[in-house]
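Novice: no sequence for this one, just the structure:
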């Protein structure tokens, strides 16, 4: 793996964390939305990540252990799934969105958990940006070796 591949790997990580931040912000924005039925209530969403392996990219040649060499060359977002956690049903008969029994349904979003995930995603994004910067500095140093 060459040093230039570091940019692709860190870039895919930054893209994945950006998707994660977008889903977290959607969850937080909809944390207090209400509905009169279970089917129409917002459910928390979470991205699903997967490692992109070197053999899938067609770059396995050049290694003595090509069959065993499955180095990761990035990350991809496989999709976004809805949480299966139970929705919150609250008895509020005076609420305009209450159903016939007086219940209002709130999303299964835990704001504290989402804030912790937001901090984790932003730090992961920042780490990938620092990796790209470090690789850039290393490449600049390589160019000055012949001087």
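Specialist: Received it, and whenever you're ready, just let me know what you need. On a predicted model such as this, the values are computed, not experimentally measured, just so you know. Numbering: from 1, shown residues only.
Novice: Now do the strands in the protein.
Specialist: Using DSSP state E, the strands of the chain run over 45-53, 72-82, 88-91, 103-106.
Novice: Which parts of the chain are helices?
Specialist: Remark: helices assigned in the chain by DSSP state H are 5-29, 111-143.
Novice: Distance to residue 35 added to those, as TSV?
Specialist: For glycine as for every other residue, the C-beta is placed from the backbone atoms N, C-alpha and C. Compiled in TSV, those are given as follows (distance: least, CB to CB, whole Å):
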stretch	distance to residue 35
helix 5-29	15
helix 111-143	18
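Novice: Quickly note the distance from residue 39 to residue 51.
Specialist: For residue 39, the distance to residue 51 (CB to CB, to the nearest Å) stands at 35 Å.
Novice: of the two, who's got more company?
Specialist: residue 51 (14 against 6; other CB atoms under 10 Å).
Novice: Quick check, that one in contact with residue 77.
Specialist: No: counting by CB atoms under 8 Å, residue 77 is not a contact partner of residue 51; they are 11.8 Å apart.
Novice: Just want the most central residue of this protein.
Specialist: residue 20 (2.8 Å; CA atoms, centre = their mean).
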